[in-house]
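A.B. asks: based on what follows, work out the 3D shape:
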Amino acid sequence: MFGFLKRKIKEFITGTKKEIEKETKEEKGPGERAIERAEKEIREKTKKEEKEKVEEKPKEKSEKKEAIEEFEEKGKKEKLEEKEEKEAEEKRDGLFTRFKKIFVSKKLGEDDFNNFFDKLELILIENNVALEAIDALRENLRKELVGKEIKRKELEKEIENALKNAISSLLIDSFDLIEKIKTELKEKKPYVIVFFGINGSGKTTTIAKIAYMLKTHNITSVLAAADTFRAASIEQLEKHGKNLGIEVIKQKYGADPAAVAFDAIAHAKAKAIDTVLIDTAGRMHTKTDLLREMEKICRVAKPSLKIFVGEAITGNDAVEQAKAFNETVGIDAIILTKADVDEKGGATISVSHVTKKPILFLGVGQEYGDLKRFNKKEILEKIFD
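C.D. replies: Have a look, this model is predicted:
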């Protein structure tokens with residue numbers, strides 16, 4: 001998961017460090033010569049002053065000699081000389097430390113940042129990160145890096161941490177679906193979930209995975225075959241229901257999907273079933289008329305939760321689909337399928353920021369148990385560690 005993105009970001013961070021170090025080294029030559037000149041001037045000035053003292057003030061020299069002899073008698077001559085040498089070195093070091101600081105640290109300016117981010121932007125686009133997310137990353141990184149003085153030896157780590165924090169800010173923390181359902185069942189039953197997504201996104205299989213997960217937590221459910229348009233859609237859901245031992249409510253192909261949803265909810269109420277999981281026909285996010293049908297289902301079913309299901313590997317397409325469904329029916333959460341084979345990670349990074357909705361789960365296989373709860377910390381570790 002995210003192998004391609006991880007490799008590209010690592011190459012970028014390492015390359016950025018080398019470029020900045022190269023620029024610093026190019027600046028370092030004349031700077032070092034300035035330090036050497038300053039050091040030489042100070043030494044020459046010190047020698048000249050000492051010579052003048054010897055020539056112009058023999059009496060002071062004599063007094064100094066007597067003082068030295070006195071210290072010699074007390075065995076302290078070496079200590080005095082060491083003290084004088086140390087004081088001279090401290091004076092010189094004070095100046096040289098200020099000079100050398102220029103070359104052991106780097107303060108990133110606006111031009112440095114723009115050059116840095118232009119290269120990062122190409123990597124993000126290559127990995128299907130949405131433009132809205134890229135713009136947000138740019139602003140978050142600018143706040144963290146521009147004007148900040150960074151030590152050269154810490155440069156790579158500082159860039160990595162800034163990028164990690166910027167990506168983290170795009171990801172919305174998930175909530176615990178099981179706990180949410182259990183809490184709301186105390187007030188109202190059944191808990192109704194409607195699933196949206198285009199054909200081929202793995203929506204029906206994801207519904208079966210959710211049903212399996214609910215069953216493992218002793219939460220009962222019924223499946224509503226409200227996709228009355230796609231051939232074999234009802235049979236597919238019935239097969240999952242049979243495998244899981246869960247009843248499926250259906251009508252004929254061409255029937256009103258909202259009517260199927262209504263029947264499933266009525267059945268759940270009559271049988272005291274905890275949840276209703278409603279499958280819907282795949283709708284292309286560009287087909288406004290078909291999306292409007294989803295609005296009717298929501299008006300009739302009055303769902304407790306509306307979940308968009310999209311393929312992680314489709315990148316920006318998944319983001320645009322989620323955005324369209326959110327604008328039409330107002331989704332509450334997201335599930336991304338095929339995340340286990342997603343090498344780029346663009347949809348995972350982008351979709352929460354664009355829709356302002358959390359990712360609940362990632363589909364990581366074909367088995368019913370292959371549904372992994374979204375964890376922001378784990379995602380960042382996969383990209384950076």
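A.B. asks: can you pull out the helices in this structure?
C.D. replies: Along the chain, the segments classed as helices by DSSP state H run 3-56, 58-73, 77-104, 110-126, 131-145, 155-168, 177-185, 203-216, 233-244, 257-271, 288-301, 316-329, 346-355, 376-384.
A.B. asks: got the contact list for Ala226?
C.D. replies: By C-beta atoms under 8 Å, 6 or more residues apart in numbering, Ala226 lies in contact with Pro257, Ala258, Val260, Ala261, Ala264, Ile278, Asp279, Thr280, Ala281, Ile297. In this view, the C-beta of every residue, glycine as well, is placed from N, C-alpha and C.
A.B. asks: try it again at 7 Å.
C.D. replies: Contact analysis of Ala226 by C-beta atoms under 7 Å, 6 or more residues apart in numbering lists Pro257, Val260, Ala261, Ile278, Asp279, Thr280, Ile297.
A.B. asks: same question, Ser201
C.D. replies: So Ser201 contacts Val309, Gly310, Glu311, Thr337 (C-beta under 7 Å, 6+ apart).
A.B. asks: try Val129
C.D. replies: Shown in contact with Val129 (C-beta under 7 Å, 6+ apart): Gly346, Ile349, Ser350.
A.B. asks: from those residues, which single one is nearest Lys252?
C.D. replies: Lys252 lies nearest to Ser350 out of the contacts of Val129, by C-beta to C-beta, at 39.5 Å.
A.B. asks: dump the contacts of Ser201 to TSV, plus distance to Ala272.
C.D. replies: Below are those laid out as TSV (distance: C-beta to C-beta, whole Å):
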residue	distance to Ala272
Val309	28
Gly310	33
Glu311	36
Thr337	32
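A.B. asks: taking the residues you listed, tell me the two that lie furthest apart.
C.D. replies: Spatially, the most separated pair among the contacts of Ser201 is Val309 and Glu311, at 8.5 Å (C-beta to C-beta).
A.B. asks: what touches both of those two?
C.D. replies: Joint contacts of Val309 and Glu311 (C-beta under 7 Å, 6+ apart) are Ser201, Gly202, Thr337.
A.B. asks: least confident pick among the residues you listed?
C.D. replies: Lowest pLDDT among the shared contacts of Val309 and Glu311: Ser201, with 88.
A.B. asks: low-confidence ranges, the stretch 101-250 of the chain, go.
C.D. replies: 101-106 (pLDDT under 70).
A.B. asks: domains for the protein, by residue range?
C.D. replies: 3-168, 177-384 (automatic domain parsing).
A.B. asks: nearest spatial neighbour of Gly346, skipping sequence neighbours?
C.D. replies: Excluding the flanking residues, the one nearest Gly346 by C-beta to C-beta, 6 or more residues apart in numbering is Asn128, at 2.8 Å.
A.B. asks: wait, doesn't the one you found sit right on Lys344?
C.D. replies: Yes: if you go by C-beta atoms under 7 Å, Asn128 and Lys344 touch, sitting 5.1 Å apart.
A.B. asks: can you tell me how far the spatially most central residue of the chain sits from Leu124?
C.D. replies: Nearest to the mean C-alpha position of the chain, by C-alpha atoms, centre = their mean, lies Ile167 at 2.6 Å. Distance, Ile167 to Leu124, using C-beta to C-beta, to the nearest Å: 10 Å.
A.B. asks: still on that earlier bit, what about the residue nearest to Gly346, how many neighbours?
C.D. replies: 23 (other C-beta atoms under 10 Å).
A.B. asks: OK, contacts around it?
C.D. replies: Gly315, Asn316, Lys344, Gly346, Ala347.
A.B. asks: that one and Ile349: what is the separation?
C.D. replies: Remark: distance between Asn128 and Ile349 (C-beta to C-beta) = 9 Å.
A.B. asks: show me what contacts the nearest residue to His353 once chain neighbours are set aside?
C.D. replies: When the adjacent residues along the chain are set aside, His353 lies closest to Leu170, with 4.2 Å between them (C-beta to C-beta, 6+ apart). Contact partners of Leu170, counting by C-beta under 7 Å, 6+ apart, are Ala133, Ala136, Leu137, Ile349, Ser352, His353.
A.B. asks: which one of those sits closest to Lys372?
C.D. replies: Ser352 (15.9 Å).
A.B. asks: now do that closest one, the pLDDT please.
C.D. replies: 92.
A.B. asks: burial measure for it, as a count.
C.D. replies: 24.
A.B. asks: what residues does the nearest residue to Ala225 once chain neighbours are set aside make contact with?
C.D. replies: Leaving aside its chain neighbours, Ala225 sits nearest to Lys250 (4.0 Å; criterion: C-beta to C-beta, 6+ apart). Listed by C-beta under 7 Å, 6+ apart, the contact partners of Lys250 are Ala225, Ile234, Val260.
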